[in-house]
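**Q** the sequence and its predicted three-dimensional model are supplied below.
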Amino acid sequence: MSFNYDQIERYSRHLVLKEIGGPGQQALSAAKVLLVGVGGLGCPAAMYLAAAGVGTLGLLDDDSVALSNLQRQILFATTDIGKSKARQARHHLQQQNPDPNIIAHNFRLTDSNAHELFASYDIIIDGCDNFATRFLVNKACHELGKVLISAAVGRFDGQVSVHNSGNNSHPKTACYQCLVPSIPPEAETCEQVGVVGALTGIIGSTMALECIKLITGAGTPLLGKLLIWDGLKAAARTIDLPVDPACIVCGSEHGQNNPV
Amino acid sequence: MVSKMNVFINGEPHCFAKGLSVSAMLKELRLIPEKVAIERNLQIVPRSLFSQTELQDGDHIEIVRFIGGG
């Protein structure tokens, strides 16, 4: 695909970057990315990915916009309250950039629809709000050999990882359940403990940046790493996340490394 | 006499008996293993290795609480 004059102007700040340039922008326009959850993390991630010219952007969320979302879910307007998040997000993103093919998946992810949905995407980004869905996303990504960008927030804290545990041509890393083997008891939700909107912006943008790096080959993505962001201290650290040999999803002790 | 070692937990020095495992440390700190990840010298310790991973003098441990919000 070649770019027209408007596209050359629109993506000019990418085109001058040696890490992206023309080939990187071509790769972005050919990429198919699915966002699971169009909330505090999904909104900024979707905005930057659509603006960056990602070719196909899927938005999965079965929820509708609520007033309490608007403190951090910056894609939505007050007039969106009560309407589908996926559809309203698509509407706003398409106004910002008409180039991407944006698909609203206005339904809930389940064991039975995950494979079919994920199969048509290259990269899955998980910014959902519960551990059960995170486990479901991780398992489907592992089984299908999809790269998973996973992030979470709570209060002033954020965590981001990139997982590649399944079968594909890239080196294998830990999966999400190597980090979180079982659903934590009495897990806190943002509804209970709160979260700062600006923090979701930082972490959601980090997911988008990791996605752009994976697509264009720029730099070193957080593969097999965990980025921990402490918003109260404005301190971040990146640590190693090794495979848990006993992981029930990808661990070698369970013979899960080579699914047939 | 049991020999002791110093371990830093979230930046604070703690004194433990030498050879203490990650599992035993969590017990001493009254932490539930299912609620946290343990970072030792900038690396996550897989949960299945908690009982066989012995802390060393001077280790830097961070207790990483799981968060799941989005």
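**A** All right, it came through fine.

**Q** tell me which helix or strand comes right after whichever strand or helix holds residue A:160.
**A** Residue A:160 belongs to strand A:157-163 when assigned by DSSP states H and E. Scanning forward in sequence from strand A:157-163 by DSSP H and E, the next helix or strand is helix A:176-179.

**Q** and whichever helix or strand comes after that following helix with chain B, contact?
**A** Per DSSP H and E, helix A:176-179 leads on to helix A:190-193 as the next helix or strand towards the C-terminus. Yes. Taking Cβ under 8 Å from any Cβ of the partner chain as the criterion, helix A:190-193 and chain B are in contact, through residue A:190. No exception for glycine: its C-beta is placed from N, CA and C like everyone else's.

**Q** likewise for stretch A:239-251?
**A** Yes. Interface with chain B: stretch A:239-251 contributes A:239, A:240, A:241, A:242, A:243, A:244, A:245, A:246, A:247, A:251 (Cβ under 8 Å from any Cβ).

**Q** filter those residues to the buried ones?
**A** Among those, those that count as buried by neighbour count (16 or more other Cβ atoms under 10 Å in any protein chain shown) are A:239, A:241, A:243, A:244, A:247, A:251.

**Q** among those residues, which are in strands?
**A** Counting by DSSP state E, the part of these found in strands is residue A:239.

**Q** now the buried ones among the residues of stretch A:239-251 next to chain B as a markdown table including distance to residue A:30?
**A** Written out in a markdown table, the entries for those read as follows (distance: Cβ to Cβ, whole Å):
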| residue | distance to residue A:30 |
| --- | --- |
| A:239 | 33 |
| A:241 | 29 |
| A:243 | 30 |
| A:244 | 34 |
| A:247 | 32 |
| A:251 | 34 |
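
**Q** need the worst-confidence member of the buried ones among the residues of stretch A:239-251 next to chain B.
**A** Across those, no position has a lower pLDDT than residue A:251, which has 92.

**Q** on that earlier part again, chain B: which of the buried ones among the residues of stretch A:239-251 next to chain B is nearest?
**A** Of all these, chain B sits closest to residue A:244, with 3.4 Å by Cβ to the nearest Cβ.

**Q** which ones are touching the closest one?
**A** Applying Cβ atoms under 8 Å, 6 or more residues apart in numbering or on different chains to residue A:244 gives the contacts A:174, A:177, A:178, A:181, A:251, B:46, B:47, B:48, B:49.

**Q** how far away is the last one from chain A?
**A** From residue B:49 over to chain A the distance is 8 Å, taken as Cβ to the nearest Cβ, to the nearest Å.

**Q** which residues touch that residue?
**A** Going by Cβ under 8 Å, 6+ apart, residue B:49 touches A:244, B:22.

**Q** let me know the secondary structure of residue A:152.
**A** Going by DSSP: H, G, I helix; E, B strand; the rest coil, the secondary structure assigned to residue A:152 is strand.

**Q** chain B versus the nearest residue to residue A:196 once chain neighbours are set aside, what's the distance?
**A** Nearest residue to residue A:196 in three dimensions, chain neighbours excluded: residue A:156, at 5.8 Å (Cβ to Cβ, 6 or more residues apart in numbering or on different chains). Between residue A:156 and chain B the computed distance is 10 Å (Cβ to the nearest Cβ).

**Q** count of residues packed around residue A:156?
**A** Using other Cβ atoms under 10 Å in any protein chain shown, the number of residues around residue A:156 comes to 16.

**Q** remind me, longest helix of chain A?
**A** Using DSSP state H to define each element, chain A has its longest helix at helix A:197-216.

**Q** so what's the residue most central in space within chain B up against?
**A** Centre of chain B computed as the mean C-alpha position; nearest residue by Cα atoms, centre = their mean is residue B:22, 4.6 Å away. By Cβ under 8 Å, 6+ apart, the residues touching residue B:22 are B:38, B:40, B:45, B:49, B:50, B:51, B:53, B:55.

**Q** go again using 10 Å as the cut-off
**A** Applying Cβ atoms under 10 Å, 6 or more residues apart in numbering or on different chains, one finds that residue B:22 lies in contact with B:33, B:38, B:40, B:45, B:47, B:49-55, B:59, B:61.

**Q** for chain A, name the helix or strand with the lowest mean pLDDT.
**A** For chain A, using mean pLDDT, DSSP states H and E, the weakest element among its helices and strands is helix A:190-193, scoring a mean of 83.
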